[in-house]
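Engineer: The amino acid sequence is not available; the structure is as follows:
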């Protein structure tokens, strides 16, 4: 049985290790809040570290419960893939997490979903996963803050229930429809699905909102057909239909609005404001008797057409777009710019707890806001870092990453041996462990599943060498044929004229001594004056309990996500 105090999908402790080489901006509350930060880890753990009311606004594009697998290719050294699993199951982990929930509205809401969709249904698991995280987001959001949750039809009803429960139905502001598809393909059994939904909630009634505007049409621009020394303008009425008893119904400059029109009129503003317009020379007086004065409305004063809750002017990103990074759920930068501009100023700190390839963080940096991006994938964090660093200046992030010393062996072992059926997110233990080991070694997971010699990751050195890595996460011991296959991969890479001077085998438990001897018999290689074993074999248990590490050359900076390499080179 797993330790009851740590039954969760990601097994890292809550004390991350900061990447060396850059210093975070000083922050009075938490290092993540110093300005621009990317954090690799379970967002539930990270959110629980943050103090109350510290971010503003929040944007999230979480898994949609679409029961799909998305494959994304990143990097420029071949096809590097990361699995984004959007599959949910009610497991032992789910049951333990559910039992730990306190009595209250959130538990009632999750139980209601279980009642409707089934007590152990995928939808119930998804409600539990999202409910806990949305509760933490509400806690860390400032009173003036807003939350924008991007979703599709698969789970938007469920997310509305959770958000109404946590934020309050009175703080629901909009259900925004974003037209994401222009395809004209016909569907015979239903209407074509063409939009995503963005749920907009505020924390309180005192939330910041500056709106958003679209550009004026060509027809509207032609109305500004007059010009003076202030610029282009059009004339707009100062008198409109209907009598008023207040100040706007009073006479001004010997014009009584009650005597105008069929049944009386009123001014569009108060007499004192009309006097101000007159002093500024902004009122155009009629040349004929009985005419009505009009206001000069300048083009420069028109912010554009106010945006409503149907967004059809932000195009979905095509595969040929310069923005496209190959990330399957990537959203266009313009979409995030609109959201961030509407609900924050330059003092804002934008939080994206499912940061993916970093579009929200990139938009925040472009608009002069700070950002905090969180993602469980080391590959995603690596992509985000490169993307944001390319913007330069203050946009460059400080990267926080879980290191070896932040993991507990017993919990790592439990998760690594977990079956797909028992995993809350549907990720089998060996796949989870392969990704964690690759990330901790600053290696790139292997997307090729056949004809690859069983290689699970590749470590790229700063000099262009490749170190193939095989990860064996099971109870049984590996054997000599496993080692022979790894050597065969080295030979194959060299035959392809690739530099592969060494290899690494990582097991869950310590290997038999004769396998260590076999690895040592392969000899050493000297790289830039430093001796390295041609083959190494090491277990996760030894790395987590005894502090042992493989000896590797310095990593290619493009694949450096944390300070793991700094620790390794110091041993």
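Structural biologist: Thanks, I have it. Source: prediction; values computed, not measured.

Engineer: all contacts plus neighbour counts: C-alpha atoms, from now on.
Structural biologist: Will do.

Engineer: all strands for the stretch 151-300 of the chain, in order.
Structural biologist: Using DSSP state E, counting those that start in this stretch, the strands of the stretch 151-300 of the chain run over 172-179, 195-202, 213-214, 226-228, 231-237, 239-241, 265-267, 283-284, 294-298.

Engineer: Show me the strands paired with the fourth one, marking each as parallel or antiparallel.
Structural biologist: The reference is to strand 226-228. strand 231-237 (antiparallel) (DSSP bridges).

Engineer: Also the second one?
Structural biologist: Taking DSSP bridges as the criterion, strand 195-202 sits next to strand 146-151 (antiparallel), strand 172-179 (antiparallel) in its sheet.

Engineer: next one: the longest one to chain centre, how far?
Structural biologist: Okay, so that is strand 172-179. Mean-position distance between strand 172-179 and its chain equals 19 Å (Cα atoms, centre = their mean, to the nearest Å).

Engineer: Ok, stretch 231-238 next?
Structural biologist: How far stretch 231-238 lies from its chain's middle: 44 Å, per Cα atoms, centre = their mean.

Engineer: tell me which residues of that stretch are tucked away?
Structural biologist: 232, 233, 234, 235, 238 (16 or more other Cα atoms under 10 Å).

Engineer: what does that stretch contact?
Structural biologist: 223-227, 267-269, 284, 292-300 (Cα atoms under 8 Å, 6 or more residues apart in numbering).

Engineer: now do 10 Å
Structural biologist: Contacts to stretch 231-238, defined as Cα atoms under 10 Å, 6 or more residues apart in numbering, come from residues 221-227, 265-269, 274, 282-284, 292-302.

Engineer: Quick one: mean pLDDT over it.
Structural biologist: Predicted confidence along stretch 231-238 averages 94 (mean pLDDT).

Engineer: follow-up on the earlier one: looking at the strands of the stretch 151-300 of the chain, spot the one closest to residue 531.
Structural biologist: Among the strands of the stretch 151-300 of the chain, strand 195-202 comes nearest to residue 531, with 55.0 Å by Cα to Cα.

Engineer: Centre of the chain to that closest one, how far?
Structural biologist: On Cα atoms, centre = their mean, the centre of strand 195-202 falls 15 Å from that of its chain.

Engineer: Equivalent analysis for stretch 474-489, please.
Structural biologist: Mean C-alpha position of stretch 474-489 versus that of the full chain (Cα atoms, centre = their mean) differs by 38 Å.

Engineer: which residues are contacting stretch 302-321?
Structural biologist: Counting by Cα under 10 Å, 6+ apart, 174-182, 195, 197-198, 211-217, 220, 233, 323-326, 328, 330-335, 338 sit against stretch 302-321.

Engineer: Can I get the buried part of those as one ChimeraX selection?
Structural biologist: A single ChimeraX command selects the buried members of the contacts of stretch 302-321 (16+ other Cα under 10 Å):
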select :175,176,177,178,179,180,195,197,198,212,233,325,328,330,331,332,333,334,335,338
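
Engineer: Now do the longest helix seen in the chain, average pLDDT.
Structural biologist: Criterion DSSP state H: the longest helix present in the chain is helix 122-140. In this model, helix 122-140 carries a mean pLDDT of 94.

Engineer: Just give me how far it sits from the chain centre.
Structural biologist: Worked out by Cα atoms, centre = their mean, helix 122-140 lies 16 Å from the chain centre.

Engineer: now for it, which elements pack on it?
Structural biologist: With contacts defined as 3 or more Cα pairs under 10 Å, 6 or more residues apart in numbering; DSSP states H and E, helix 122-140 has these neighbours: helix 43-49, strand 58-60, helix 92-100, helix 105-117, strand 146-151, helix 156-167, strand 349-352.
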